[in-house]
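[1] Below are the sequence and a predicted model; questions follow.
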Amino acid sequence: MGKASNRRHESDKKAAREYTAHDETFKRKEKEPHQECPIYVAALTAIVMVLFAMWAKDSGLFHSSLEGRVAFPVRLFFCIMFQTTFQGLFSTLLLEPARAIARHLPGAPRGEKTASMWCGPSAKELVSHDPSLPWPHEASLSTLPAEWQALPSKATPQPYFLNHVRGDVRIKAAGMRLGMAVGSVVAIALNCWLLDERPLHAVGLTLDWGFSMDLLKGLATGTLLVLWMGAVEWGLGWIKFLGAMEVFAPGENFWLNLLWDFVFHCAVTVNEELPLRGWFLFNVADACIAYFGMTQGAALLVSCMLQSVIFSMMHIASPGASTLGLINLIIGGTAAALNVALSGSLAFGLAWHLGWNFTMGNLLGLSTSGIPISATLLSFAPHPQKAHLHGGTFGPEQSWLAPVSYVLGCLMLFAFYGTERYPSVMLSAT
């Protein structure tokens, strides 16, 4: 009992340090200027990268006789550069209309200084939590048992861990993420057509009737898994129900805020699944077969392990992330790769990812890897003293429920598809 108490105490002190630092960061970011990033620079960089890729292919200097195309290390370099360039370009392009809409949203601050046209996001537009939004509301707080009630303080300005922002901030984040998703699609398409010499459907975007059916199965799987996690947390007393259809800033519209959050999660899903479980998974496996003579199964295993580690490291700076949370994401990344291997396309994994994130963050109001929300269908308060169980700021993905859910999801995946589609996965990528 003593050791468990010490672990909880250390967890609470860590949460206090995180939130104190976060509050100070928010106040500092409010005063920081916007990042100037001329759109023409991004556009010119994109054109130069495309021309460079065309030259790399046509020159023959980087051709691999083992692969029969431009060598994998060169293609990986261009994939990273295309991702960086086109994500930045389209993110800036779509941020501007999002800013224009944000100024006219219900409850949006009036008279606020606006950014110059076609520049990068300000530090405030990138904030992950607004400590000026009190939560739970006073009426909801009074319904909690005495041991659950915790008021903001200098040590713990957000004792219930969840990250909340205004709807006008959320729509800008959605616009930027949507731009990044468009940039990812463009980048992967260019890589496929210019360097990989294969069609886009070779990385799992088949876009046929079967793709649509797989989307429905994946959406149901991701949604049901998170509903199960929420039910377990509620049943074990880790979270308490507060209310329904909640926004966090006065005067904002619930349905509009929910829309921005949904668009954000759709974009995140594409932005993560297509490059990692699409291009990277298949191309690394191809390279392992070509250069090291691996079997298809061994090549996919190596590729799966690499992309899972990368996926986890992508979340290392997420609010509240710990070693346990990152390990859980490695397991989640492995399950996501299995989605592609057994279903034969990206559809199941895309929809699982979307159903998982949106249900966790905006149907149950729980933290999804620390991602902020502006509205939730159901509102639950995590127990202030049980961050070691429910995951704290990072959320359920940092609890023991996450790996169990990943395994359950894989069992559902196997029930849907078995192994009938598996042998065709790599063949379709060649």
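    Arrived safely.
[2] quick one: the strands in this structure?
    If DSSP state E is used as the criterion, the strands of the chain fall at 63-64, 69-70, 239-247, 375-382.
[3] Relative to Ala150, which of the ones you listed is closest?
    Nearest to Ala150 among the strands of the chain is strand 375-382 (9.4 Å), distances taken as CB to CB. For every residue, glycine as well, the C-beta is placed using N, CA and C.
[4] Phe62 touches Val74, doesn't it?
    Yes: the pair Phe62 / Val74 is scored as a contact, 4.4 Å apart, by CB atoms under 8 Å.
[5] Which neighbours do these two have in common?
    With contacts defined as CB atoms under 8 Å, 6 or more residues apart in numbering, the residues shared by Phe62 and Val74 are Ala56.
[6] Any chance of the strands of the chain in TSV with distance to Arg198 and mean pLDDT as columns?
    Rendered in TSV, the data for the strands of the chain read as follows (distance: least, CB to CB, whole Å; pLDDT from 0 to 100):
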stretch	distance to Arg198	mean pLDDT
strand 63-64	14	94
strand 69-70	8	94
strand 239-247	46	94
strand 375-382	41	95
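[7] Any idea how many residues pack against Ile373?
    The number of residues packed around Ile373, counting by other CB atoms under 10 Å, is 27.
[8] which residues touch the residue lying closest to it once chain neighbours are set aside?
    What sits nearest to Ile373 in space, not counting adjacent residues and going by CB to CB, 6 or more residues apart in numbering, is Gly361, at 5.1 Å. Neighbouring residues of Gly361 by CB under 8 Å, 6+ apart: 261, 265, 367-368, 371, 373, 376.
[9] try 6 Å this time
    Residues counted as contacts of Gly361 (CB atoms under 6 Å, 6 or more residues apart in numbering) are 368, 371, 373.
[10] Apart from its chain neighbours, what residue comes closest to the residue nearest the centre of the chain?
    By CA atoms, centre = their mean, the mean C-alpha position of the chain lies nearest to Val268, the distance being 4.6 Å. Excluding the flanking residues, the one nearest Val268 by CB to CB, 6+ apart is Arg177, at 5.8 Å.
[11] and what of Leu377?
    If the residues on either side of it in the chain are set aside, Leu377 comes closest to Leu363, at 4.8 Å by CB to CB, 6+ apart.
[12] Count the neighbours of the one you found for me.
    Under the criterion other CB under 10 Å, the count of neighbours that Leu363 has is 17.
[13] For Leu144, the count of nearby residues, please.
    The number of residues near Leu144, taken as other CB under 10 Å, comes to 17.
[14] Is the residue nearest to it when sequence neighbours are not counted bridged to anything, and to what?
    Beyond its immediate neighbours in the sequence, the residue positioned closest to Leu144 (CB to CB, 6+ apart) is Lys240, lying 6.0 Å away. Note on Lys240: beta-bridge partners by DSSP bridges are Ala381.
[15] Let me know whether Lys240 touches Ser379 as I believe.
    No: here Lys240 lies out of contact with Ser379, judged by CB atoms under 6 Å, at a distance of 9.6 Å.
[16] if you count what's nearby, which of these two comes out ahead?
    Between Lys240 and Ser379, counted using other CB under 10 Å, the more crowded position is Ser379 (23 against 19).
[17] contacting residues around the more buried one?
    Taking CB under 6 Å, 6+ apart as the definition of contact, the neighbours of Ser379 are 242-243, 246, 365.
[18] what's the burial count for the spatially closest residue to Val247 that is not a sequence neighbour?
    Of all residues beyond its chain neighbours, the one nearest Val247 is Ala375 (4.9 Å), with distances taken as CB to CB, 6+ apart. When neighbours are defined as other CB under 10 Å, Ala375 has 27 of them.
[19] Is it possible to get JSON lines of the strands of the chain that adds distance to Ala102?
    Shown next, in JSON lines, are the strands of the chain (distance: least, CB to CB, whole Å):
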{"stretch": "strand 63-64", "distance to Ala102": "48"}
{"stretch": "strand 69-70", "distance to Ala102": "42"}
{"stretch": "strand 239-247", "distance to Ala102": "15"}
{"stretch": "strand 375-382", "distance to Ala102": "15"}
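[20] For Gly344, find the nearest of these.
    Between Gly344 and the strands of the chain, the tightest spacing by CB to CB is seen for strand 69-70, at 22.6 Å.
[21] Check which residues of stretch 90-105 are buried.
    90-96, 98-99, 101-102, 105 (16 or more other CB atoms under 10 Å).
[22] which residues touch that stretch?
    Contacting residues not belonging to stretch 90-105 are listed as 39, 118, 167-168, 171-172, 175-176, 178-180, 182-183 [CB under 6 Å, 6+ apart].
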